[in-house]
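Undergrad: Below is the sequence, then the predicted model.
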Amino acid sequence: MIGISLNVMKTRGEHSFSKLPVFGARLYDWLLFKEPIYDGLREIAHDLVLETAGGNLLDIGTGPGRLLKEINLLNPYLELYGLDISASMIQLARKNLQDIPVNLLSGTIRHTKYENDFFNTITCTGSFYLWDYPEESLEEIYRILKRGHSAYLYEVYKDISENEYQLALKKNLRQLDWIRRILGPLALRKLLNLSYQTEDFSRIIEKTSFAESYTIEKISISGLPMWVRITLNKNPI
């Protein structure tokens, strides 16, 4: 029909994850809860605990809550919060974290009900690339982060060294069962295809209040050279 247009934004993945069934959440958790994949979560937890002296910590895209569990093992005095757009993931996280005091909510980081300057530390692992409104979401992180504190995003980047990645992947696959040997590389390739180029992270961040106070560092997690650690600092006035 002439004169009629649909103003529909193509989602990067938020819509799909918001509708994730319970079976999908359990399958994700099953894939994750296995060495050397799970080793990566321990690496991130250790890194975060070193950066967080005390107070509270928010994990965005917390999924089944495995990262929060590892953080609690390292520092049981931290007050933990988890946020995920998938109600199924939050349901599973409540089960996985039933013996840990934690505040879990289903929702998007684009709009939250947390108070201004509330969190000592904010983190996100492998979900930034799915945000449909990354600039607005980073502004919300800036709002709820305490002044003089930092957020840490651990994300896959697209412009990897393919040779280094393949060598590291082959080494990791030797430690997995045959099902994960098949599904793992497929999932990682899809993740890489959907992820940002390194320069895209800077382009997005520089449109936000973190523009003058961030760093991007290429790192390996679980031995895989496909990750960046993005540090976003909220400077004190």
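TA: Structure received.
Undergrad: for Ile122, helix, strand, or coil?
TA: Under DSSP: H, G, I helix; E, B strand; the rest coil, Ile122 falls in the strand class.
Undergrad: and Leu31, how many neighbours does it have?
TA: Counted with other CB atoms under 10 Å, the neighbours of Leu31 add up to 15. C-beta here means a position set from N, CA and C on the backbone, and glycine is covered the same way.
Undergrad: An error on my part: the question was meant for Gly24.
TA: Gly24 has 15 neighbouring residues, counting by other CB under 10 Å.
Undergrad: hang on, it packs against Leu92?
TA: No: using CB atoms under 8 Å, Gly24 is not in contact with Leu92; the gap is 10.1 Å.
Undergrad: Helices of the protein, start to end?
TA: Assigned by DSSP state H, the helices in the chain fall at 14-18, 22-32, 37-51, 66-74, 87-96, 134-144, 162-173, 178-194, 198-205.
Undergrad: where in the chain is pLDDT low?
TA: Residue ranges of the chain with pLDDT under 70: 1-9, 13, 15, 32-37.
Undergrad: I'd assumed Leu153 was in contact with Cys124.
TA: Yes: under the criterion of CB under 8 Å, Cys124 makes contact with Leu153 at 4.8 Å.
Undergrad: Return the most buried member of the helices of the chain.
TA: Of all the helices of the chain, helix 66-74 has the most neighbours on average by mean count of other CB atoms under 10 Å, namely a mean of 21.
Undergrad: Tell me the helices and strands packed up against it.
TA: helix 37-51, strand 56-60, strand 79-84, helix 87-96 (3 or more CB pairs under 8 Å, 6 or more residues apart in numbering; DSSP states H and E).
Undergrad: which residues are in contact with it?
TA: Under the criterion CB atoms under 8 Å, 6 or more residues apart in numbering, residues 29, 32-33, 38, 41-42, 44-46, 48-49, 57, 59, 62, 78, 80, 82, 93, 96-97, 100, 102, 123, 125 lie in contact with helix 66-74.
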